[in-house]
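A.B. asks: quick one, what's the 3D model for this:
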Amino acid sequence: MESLGELGESQQTVSHVLMDHAQRPRNNYPLLDFDGRARITGTCGDTMEVWVKVRDGVIEQAAFITEGCAVSHACGSMTTCMAEGRSLEEIEALEAEHVIKAFRGLPPGHEHCADLSSSALKLACANIGEPGGGVDVAPEDLSGIVVRVALPLAEGFISGTVESAERFALVDVEAASMCVVNREDMAVPDAVEGTENGAILPVWLQEQRVQVLICGSMDEDTRILFAERGVQVVLDPAPDIPEELIAEYLAGSLRGGGR
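C.D. replies: Here you go, the predicted model:
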């Protein structure tokens, strides 16, 4: 994948926001439970796949994968972040120019990346209700893709809040089979170097490559801190042992928290 450092003279147009989303793309994993899905190959040859989960006409979760360049990753990240919490009608009006404006511009020659991400999102929404969510799904499509899920633990059960957790179960889920392939329990760190107390857990879980956090409840400010670190938060499960909760997550019976 081309890095932002390899964009040459065009790098002078790279904003801090673009650099952040390129280096730490949000929602960069497949949704295992979704309502709409789309895969598009752009004029540049890059392919982007987008998944959406919808509740009452509003996008609850959006995620993407791409084998494209750093700007494609950034646009997929920004587009899915912009989608969450918006109605399907609002998504119909979303255009590449809105994604470009959110970055305060893109490097010359990379505007098509925003068109790719916005088009893939709109098609995924249009495909809601279609068989397979709009794309023929084969297990090999997701072969090798692993989603890391974190669950806060207290006395062996899911903790009501991350603040009361004694340990975290870090569970790797293979996307093709939707099976748990590995689990590791880790103690909550007392501190993370260079990090303020309120951001210790988001930073630490990002360092552990966590993509999804399942817990009982979380205030909005804390959810924003996790979202900024690329960690999707799923809220409101009843406390249970991790393996059963993971099974419910894979089956799509847990509700995703908003941003």
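A.B. asks: mind showing which ranges of this structure have poor pLDDT?
C.D. replies: Applying pLDDT under 70 to the chain flags the ranges 1-14, 131-145, 175-178, 191-198, 227-228, 230, 235-259.
A.B. asks: relative to T79, how far out is the nearest residue to A70 once chain neighbours are set aside?
C.D. replies: Take A70 and drop its neighbours on the chain: the residue closest to it by Cβ to Cβ, 6 or more residues apart in numbering is A22, 4.2 Å away. Yep, even glycine has a C-beta here, placed from its N, CA and C like the rest. Distance of A22 to T79, computed by Cβ to Cβ, to the nearest Å: 13 Å.
A.B. asks: so which of those two has more stuff around it?
C.D. replies: T79 (31 against 24; other Cβ atoms under 10 Å).
A.B. asks: that one contacts L116, doesn't it?
C.D. replies: No - the criterion here is Cβ atoms under 8 Å, and T79 misses it with L116 at 9.1 Å.
A.B. asks: now do whichever helix or strand T80 is part of: which elements does it pack against?
C.D. replies: Element membership of T80 [criterion: DSSP states H and E] is helix 70-83. Judged by 3 or more Cβ pairs under 8 Å, 6 or more residues apart in numbering; DSSP states H and E, helix 70-83 is in contact with helix 16-23, strand 47-55, strand 58-66, helix 96-102, helix 111-126.
A.B. asks: out of the ones you listed, which gets nearest to G156?
C.D. replies: strand 58-66 (28.2 Å; Cβ to Cβ).
A.B. asks: show me the helices in this protein, by range?
C.D. replies: Applying DSSP state H to the chain gives helices spanning 16-23, 70-83, 88-92, 96-102, 111-126, 200-207, 220-228, 242-251.
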